[in-house]
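*Asks:* next come a sequence and a model predicted from it.
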Amino acid sequence: MTKLKAISTLPEEPKVATLPFTKQEQSDFLRGLTNLCQRSGNRFVSVTSLAAPPPPKAPPAGAASPPPDPDALPSDVTEIKSTITFEGNYQTLRAFLGGVQRSQRLVSLSDCHVLPAQAG
């Protein structure tokens with residue numbers, strides 16, 4: 001019951017703190033997700049990744065600074081959103097999600113859509 005209450009109080013659009021990736025680290029991360037997707041028996045379709053926009057510029061000297069946003073990430077942390085599209089069945093989806101769960105990286109799965117393929 002405690003876990004259910006904790007889950008129900010999570011924000012609808014959670015933000016996950018991570019150190020900014022270099023271009024090589026981001027590429028390696030997405031390549032790893034793609035490999036996991038294929039190793040778990042799925043047919044990889046596409047992957048996209050979007051970094052959050054840069055933080056706003058500091059106000060001019062002497063200007064009042066805006067109040068801090070309590071939901072904002074620290075200034076040295078970047079939120080990166082990635083979308084993976086693949087085809088598989090229940091067992092291969094489960095294998096992929098299990099692999100993500102066992103990953104040593106900090107990953108937050110915030111949205112998952114399961115749709116029937118063209119063949120049903």
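*Replies:* Nice, I can see it.

*Asks:* point out where this protein drops to low pLDDT.
*Replies:* Where the chain drops to pLDDT under 70, the residues are 1, 3, 7, 10, 12-23, 51-56, 73-80, 106, 119-120.

*Asks:* try it again at 90.
*Replies:* 1-37, 43-87, 89-90, 97, 100-120 (pLDDT under 90).

*Asks:* tell me where it has strands.
*Replies:* With DSSP state E, the ranges of strands along the chain come out as 43-51, 80-87.

*Asks:* ranking those by burial, who's on top?
*Replies:* Sort the strands of the chain by mean neighbour count, taking mean count of other Cβ atoms under 10 Å, and strand 80-87 sits at the top with a mean of 15. Placement of C-beta: from N, CA and C, glycine included.

*Asks:* so how far is that strand off the chain centroid?
*Replies:* Centre-to-centre, strand 80-87 and its host chain are 8 Å apart (Cα atoms, centre = their mean, to the nearest Å).

*Asks:* give me the contacts around that strand.
*Replies:* Strand 80-87 is touched from outside by 18, 21, 26, 29-30, 33-34, 37, 42-52, 96, 117, with contacts defined as Cβ atoms under 8 Å, 6 or more residues apart in numbering.

*Asks:* nearest to residue 8 among the strands of the chain would be which one?
*Replies:* Residue 8 lies closest to strand 80-87 among these, at 23.4 Å (Cβ to Cβ).

*Asks:* ok and that closest one relative to strand 43-51, angle-wise?
*Replies:* Angle, strand 80-87 to strand 43-51, by axes from the mean of the first three to the mean of the last three Cα atoms, to 10 degrees: 170 degrees.

*Asks:* wait, which of the strands of the chain is closest to residue 107?
*Replies:* Smallest distance to residue 107 across the strands of the chain (Cβ to Cβ): 9.1 Å, for strand 80-87.

*Asks:* just the CA trace of stretch 30-45, in CSV.
*Replies:* C-alpha atoms of stretch 30-45 as CSV (Å, rounded to 0.1, in the frame of the first residue of the first chain):
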residue,chain,number,x,y,z
LEU,A,30,21.5,5.4,-27.7
ARG,A,31,23.6,2.7,-29.4
GLY,A,32,23.4,0.6,-26.2
LEU,A,33,19.6,1.0,-26.1
THR,A,34,19.4,0.0,-29.7
ASN,A,35,21.5,-3.0,-29.2
LEU,A,36,19.5,-4.1,-26.1
CYS,A,37,16.3,-3.7,-28.2
GLN,A,38,17.7,-6.0,-30.9
ARG,A,39,19.2,-8.5,-28.5
SER,A,40,15.9,-8.9,-26.7
GLY,A,41,14.3,-10.1,-30.0
ASN,A,42,12.7,-6.9,-31.2
ARG,A,43,12.8,-5.3,-34.6
PHE,A,44,14.3,-1.9,-34.2
VAL,A,45,12.5,0.9,-36.1
